[in-house]
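got a predicted structure here, sequence first:
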Amino acid sequence: MTNAWRAAGLTYIQYSNIAARVLRESLRTDLRAAAAKRDESHVKFTPWANGKPAPRKSETA
Amino acid sequence: MSFVKNARLVALRGARLSQKRSYSDDMKLTFAAANKTFYDAAVVRQIDVPSFSGSFGILAKHVPTLAVLKPGVVQVTDNDGKLTKYFVSSGSVTVNEDSSVQVLAEEAHNIEDIDVSEARQLLSKYQSALSSAGSDKAKAEAAIAVEVAEALVKAAE
């Protein structure tokens, strides 16, 4: 099972992300806007120090 | 011959009468994607899935299987024989020994929700992206998009 994308260093997760995005882009216009929101994912990191979340300024650091 | 047939009918009846018990004669499908749950342990007759090891159909008592989904059409035939088609981007399919089946996709939609002309435009857009791609990685990414767009056009036509 040697796929061209695997040879180029991509993983199935990356393959899956692209496939899902193209499917979302092909939806009927009334569904596309809501689906496009799933294109992005947001991750918020909060560092912890001494059992407490660190102050806000270190979040941007 | 007719004895075997009658015995099967009796077995089928029995399975229908006591649905709470998990008979392996019943195939329970769970089909979900990040966007929607389509079936939640619903009893269906047949499921056809596209996978990297080829497309295959699943009936009750199928041999336990694990497969990786390929972009394409998942067909579900319910117990009344009604066929419903869905497009899945990617994901996994699991067939268990108790005839339960899990189809988990990253994105899945009813085939009617696909815009054919949009899919055709995407196909030509990604085909030109593929021909102008510089690096191996960009080429591979565009090739994936072309593959998906081709499957979309084929499925929605």
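Everything's here; your move. Residues are numbered from 1 along each chain as shown, chains lettered A, B, ... in the order given.

please make it C-alpha for all contacts and neighbour counts, starting now.
Will do.

distance from the host helix or strand of B:A142 to the middle of the chain?
In the assignment (DSSP states H and E), B:A142 maps to helix B:136-156. For helix B:136-156, the gap between its own C-alpha mean and the chain's C-alpha mean amounts to 19 Å (Cα atoms, centre = their mean, to the nearest Å).

return the set of residues that bridge with the one residue sitting closest to the centre of chain B.
For chain B, the residue nearest the mean C-alpha position is B:V74 (2.8 Å; Cα atoms, centre = their mean). Beta-bridge partners for B:V74, by DSSP bridges, are B:Y86.

circling back to that earlier point, close to chain A, is the helix holding B:A142?
Yes - using Cα under 8 Å from any Cα of the partner chain, helix B:136-156 reaches chain A at B:D136, B:K137, B:A140, B:E141, B:A143, B:I144, B:A145, B:V148, B:A149, B:L152.

mind checking the pLDDT average for that helix?
Averaging pLDDT along helix B:136-156 yields 95.

which of the residues in that helix are buried?
B:137-153, B:155-156 (16 or more other Cα atoms under 10 Å in any protein chain shown).

next up, the contacts around the residue nearest to the centre of chain B.
B:I47, B:D48, B:V49, B:P50, B:K85, B:Y86, B:F87, B:V88 (Cα atoms under 8 Å, 6 or more residues apart in numbering or on different chains).

could you redo the last one with a cut-off of 7 Å?
Residues in contact with B:V74 (Cα atoms under 7 Å, 6 or more residues apart in numbering or on different chains) are B:D48, B:V49, B:P50, B:K85, B:Y86, B:F87, B:V88.

I figured the second one hits B:F56, correct?
Yes - proximity of B:V49 to B:F56 meets the contact threshold set by Cα atoms under 7 Å, at 5.6 Å.
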